[in-house]
Structures are given as C-alpha cells and as structure tokens.
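Trainee: Generate a structure from the sequence data that follows.
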Amino acid sequence: MIAEELINQMIPPLKLYDTVDKALRWMDEFRVNELPVVSNRKYIGLATEPRLIELTERSQPLKELELEHQDVHVVQHQHFYDVMEAAIKNKIQVVPVLDEEQEYIGIITINDTLAAFGQMSALQGQGSILVLSMPERDYSLSQISRLIEEENVKILSAYVAQDEMDPYKIKLTLKLNTTDPTRIIATLERFEYRITAQFNDGHDNDVGRDRLDMLLKYLDI
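Mentor: Purely as a prediction, here's the structure:
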C-alpha cells in the first residue's frame, strides 16, 4: 500500500493568509495537532497547535510565523512504512504527501496509517510485498495464487483497492513468505500481470520489522 492511497480527502490545507485563529479552529474540528500550510501548491510547513496556542495575537496570518517540519513529507509512491516512519520520528499526527513535481497533493493522518497497518496484519514475518495493477475483469485471486504456489511460495495476505489512476483497474497488494520475489515477478509478468511496486523486508535489511517496532513504541507513548 502506497502513500497516495491513504490520503485523507476530508482535511484541507491552510493558506499563508489564514489566521492563527482559523488554524486552531480547524485543528479542533479535524482533531489533529498539526495542519499543513500550502502556497501555490507548494508545501511550506506544518502549523502546530502547541506553538499557535502560545500566541496572543490570534488574528496574525500564518505567513508571519516560522512553520515547523518544513522538510518532513513523503512522495505519493512511497510505501506506507515510510509514512509511519515520518510520523513516528517527528512525533506528528499528519504527514504531507507530495507528487513527483514536489507539489502538495494531500495529507495522511496517523489514524489512516494505523488502518493501513491493520489491513497489512501479516507484515510481521519476513517476506516481500508486491503491488499488481490489472483490469477489474481480469482479477482472479485463485489464478494468481496458483501461479505463486507453483513456485513454492505462499500468499500471507492480500488486499484489493481501486486504482486511483484508472477507475476500471484495481490494485492488488500481496504479502509473500519469500524475501526474494524475483521468480514470482517473472512468472506473473509472463502471464501479463503488471507489477507496479515491490518491497522487501529480508533478514539483512528487515525494514518491516524496524518500522513495526517503531509503531509499537509510538503506541506506547
């Protein structure tokens, strides 16, 4: 699962000419401690509740303030592991998402990330993750499972979502019990399945375990 699939469409960004009072009201309304500030589609930084509460002039525009976490963001195609890492390391509730041109396209809340974590509940074990894109009419998990199991690999979990780029396609995220999916990718591509992303968490670079540990520590805070 990648960042653009987790964007929360209900929370808008603030503008530089918005006031401190408006920012605090929106934070209360959306129940977050930070909100992104955007100018001409460029991410400027996060307005944070603790800093805004200290200000006595609530009509002050945000452009007059020094915003926080100006360099903290993820790109739309990064895995949700990276969203978790950004949120936990910086102790923030929202993570801005930028496109490949570094323009702002939305935010992901920590609750969105936890929901994604729940959907990927099998990530605790070593293995790899493949993301496939296909026309909805061609989707057959039984056929895909057969092709994978013929290579002596098991599917630990599967998650299906609509492809945001094409309403007639779906994205299938598979968690496999192998740290080397090379043969699986070759097999699937031979049957004309398109692999759009892959993520490994093998023994030598167990990113999944490290970020799972970070998440658990975050939940203990």
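Trainee: how about the helix or strand containing Ile88: buried residues?
Mentor: Counting by DSSP states H and E, the element that carries Ile88 is helix 80-90. Using 16 or more other CB atoms under 10 Å as the test for burial, helix 80-90 gives 80-88. Glycine gets a C-beta too; all of them are placed from N, C-alpha and C.
Trainee: Now the element after that helix, going C-ward?
Mentor: Moving toward the C-terminus from helix 80-90, the next helix or strand (DSSP H and E) is strand 94-98.
Trainee: Now do the next helix or strand after that following strand: which elements does it pack against?
Mentor: Downstream of strand 94-98, the first helix or strand assigned by DSSP H and E is strand 104-109. For strand 104-109, the contact count by 3 or more CB pairs under 8 Å, 6 or more residues apart in numbering; DSSP states H and E identifies strand 34-39, strand 94-98 as packing neighbours.
Trainee: quick one, which of those is packed in tightest?
Mentor: Highest mean neighbour count among the helices and strands packed on strand 104-109 (mean count of other CB atoms under 10 Å): strand 94-98, with a mean of 26.
Trainee: now the angle from it to helix 80-90?
Mentor: Angular relation of strand 94-98 and helix 80-90 on a 0 to 180 degree scale: 130 degrees, by axes from the mean of the first three to the mean of the last three CA atoms, to 10 degrees.
Trainee: Kindly point out the strands partnered with strand 94-98 and how each is oriented relative to it.
Mentor: Using DSSP bridges, strand 94-98 pairs in its sheet with strand 74-75 (parallel), strand 104-109 (antiparallel).
Trainee: Just tell me which of these ends up closest to Leu67.
Mentor: Closest to Leu67 of the strands paired with strand 94-98, according to CB to CB: strand 104-109, at 13.1 Å.
Trainee: surely Met134 meets Arg194?
Mentor: Yes: using CB atoms under 8 Å, Met134 makes contact with Arg194 at a distance of 6.7 Å.
Trainee: ok, the two, which is more surrounded?
Mentor: Shown here are Met134 and Arg194; by other CB atoms under 10 Å, Met134 has more neighbours (19 against 11).
Trainee: Next one: the more buried one, what pLDDT does it get?
Mentor: On pLDDT, Met134 comes in at 91.
Trainee: going forward, begin numbering at 467 instead of 1
Mentor: Sure, I'll start numbering at 467, so the last one becomes Met600.
Trainee: how about it, what does it touch?
Mentor: Taking CB atoms under 8 Å, 6 or more residues apart in numbering as the criterion, Met600 is in contact with 635-636, 638, 659-660.
Trainee: Check the secondary structure at it for me.
Mentor: Assigned by DSSP: H, G, I helix; E, B strand; the rest coil, the conformation of Met600 is strand.
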